[in-house]
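K.L.:
I would like to see how this sequence folds:
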Amino acid sequence: MKKILILHTGGTIGMTLSKDGYKPDGKYFKQAIYHMDSLKAHNMPKWDYMETKPLLDSSKMSVKEWNCIGRIIADNKNKYDGFVILHGTDTMSYSASALSFMLKGLNKPVILTGSQIPLCETRSDGRDNLITSMLIAANSNIKEVCIYFGGLLIRGNRSTKYSADHMQAFASPNYPFLATAGISIQYNEKAFLKNNNSFKFQEFKEVPIGIISVFPGFKFELFESIITEKLKGIVIETFGSGNIPNEEKELLPILKKAKENNVVIVVCSQCPQATVDMSVYETGQTLKKAGAVSGKDLTTEAAVTKLYYLFSKYTDINKIKQYMEKNICGELT
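P.N.:
Okay, the predicted model is just below:
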C-alpha cells in the first residue's frame, strides 16, 4: 500500500473564523482530518501528517518557506510514495513552480492543493480537493509537481491563479490538463512529464528579482533607479508576443545599464495564453537586440521562480540567459 505525507503549510483550507477574520488553526485542522472517515477508507493510501511552523496565509510565503517545504520533501523522499502539500491559493502557483525546479528529478508525485472555503465551513471544497489529491499522489506514473484543484490536475509550473471566487481557481493556459476528476479520475498520460533525471535538491538563494508590467504610456525611465548591481533579474510583462509601449531612445539606455550590471531581463506576455517572439514586431526587436531573453510561453510565476533557481545554481550570466530559454522540467514548450 502506498504511503503519502500530508504537509500542512497554511492557507484557507485550515483556517477558522476569529474576531479578526479567518486565520490558520493547526489544532482544529489536525483534529478534523484525523476524524475524516474518507481518509480511512480501504482504497485510500496510508498517510502521515506534518505541518510547518508557523502556518501562514499564502500571501506571506517567501523563498524561505519554499526552501523549508522543499527540504522536508527532499529529507523524506525515501519514506513516502508521494506528497500532498496543503497551501493557500494566492501564491500556490508560485510555490508549485518553485518546487518543480527545486525538486527536479524527484520522480514522485507532489500535489499542492487547498480550498476556496475553509474546511470548518459546511460547503467547503477542501474535502474533495484533499481526498482526490491523496488518490492522485498515490499514482506512481506522475513524476512531477502538480496542483489539484476544483476537479483539475495541472502541472505546477504551468499553472496560474484564475479566479478568487470559483471552485476552479487555477488555469493552465499553455499546456493541457494532466487529469480531470468527475465520477472517475481521467488521466491524460500523454501530457505527463517523462522524468528520469537524477535527483539533487536545489535550495534557492535570496536573489533580488523584480516584475514590471507595462501599460499604454508606460515610461521605462521611471524604473531606471532600480537597475543596479544589486538587482539580478527582471520579468517584464509585455503586450502580446513581446511588444512594449516605448520609444527606443528611452528604452535603450536602461537596457544598456541592465547589461552593464549583469541584470537578466526576461520578456513574458500579459496574455495568459501566448508565446513571446521578439522577432515579430519592431518593438520586440529592440528588446532582443539589447540582450533581453524570451520567456516564450512561461507563466510569470514560472519565470520568476526559474530565475531564482538559475541564479541559485549558476554564476555565469550567459549560462543563466541560455537556460531561461530552454525547457528544464516542463515549464515551457
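
K.L.:
every contact and neighbour count from this point should use C-alpha atoms.
P.N.:
Will do.

K.L.:
wait, is Thr228 part of a strand?
P.N.:
No: Thr228 is assigned coil when assessed by DSSP: H, G, I helix; E, B strand; the rest coil, not a strand.

K.L.:
can you tell me how far the nearest residue to it once chain neighbours are set aside sits from Ile254?
P.N.:
Once flanking residues are discounted, Thr228 sits nearest to Asn261: 6.0 Å by Cα to Cα, 6 or more residues apart in numbering. Distance, Asn261 to Ile254, using Cα to Cα, to the nearest Å: 11 Å.

K.L.:
the more surrounded of those two?
P.N.:
Taking neighbours as other Cα atoms under 10 Å, Asn261 and Ile254 compare with Ile254 leading, 18 against 15.

K.L.:
so who does the more buried one touch?
P.N.:
By Cα atoms under 8 Å, 6 or more residues apart in numbering, the contact list for Ile254 reads Phe220, Glu221, Glu224, Ile227.

K.L.:
all strands for the stretch 51-200 of the chain, in order.
P.N.:
Under the criterion DSSP state E, counting those that start in this stretch, strands of the stretch 51-200 of the chain are mapped to 82-86, 110-113, 145-149, 152-155, 160-161, 170-171, 179-181, 185-187.

K.L.:
okay, the third one in PDB with CA atoms only?
P.N.:
It stands for strand 145-149. Taking Å, rounded to 0.1, in the frame of the first residue of the first chain, the C-alpha atoms of strand 145-149 are listed here in PDB:
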ATOM      1  CA  VAL A 145       4.900  18.800  -9.000                       C
ATOM      2  CA  CYS A 146       1.200  19.500  -9.700                       C
ATOM      3  CA  ILE A 147      -1.700  21.400  -8.500                       C
ATOM      4  CA  TYR A 148      -5.000  19.700  -8.000                       C
ATOM      5  CA  PHE A 149      -8.000  22.000  -7.500                       C
END
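
K.L.:
now stretch 299-311: average pLDDT?
P.N.:
The average pLDDT within stretch 299-311 is 98.

K.L.:
chain center to that stretch, what's the gap?
P.N.:
Stretch 299-311 sits 9 Å away from the centroid of its parent chain (Cα atoms, centre = their mean, to the nearest Å).

K.L.:
then stretch 128-144?
P.N.:
17 Å.

K.L.:
and Asn197, how many residues sit next to it?
P.N.:
So Asn197, with other Cα under 10 Å, has 11 neighbours.

K.L.:
please apply the same query to Tyr162.
P.N.:
Tyr162, neighbours per other Cα under 10 Å, totals 14.

K.L.:
break this structure down into its structural domains.
P.N.:
With domains defined by automatic domain parsing, the chain comprises 3-191, 209-324.

K.L.:
just send those domains back as TSV, with distance to Glu331 too.
P.N.:
As requested, the domains of the chain are exported to TSV (distance: least, Cα to Cα, whole Å):
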stretch	distance to Glu331
domain 3-191	5
domain 209-324	6
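
K.L.:
and those, which one averages the lowest pLDDT?
P.N.:
domain 209-324 (a mean of 88).

K.L.:
how long is that one end to end?
P.N.:
Domain 209-324 end-to-end distance (Cα to Cα) = 14 Å.

K.L.:
again with stretch 15-27
P.N.:
Start-to-end span of stretch 15-27 (Cα to Cα) is 10 Å.
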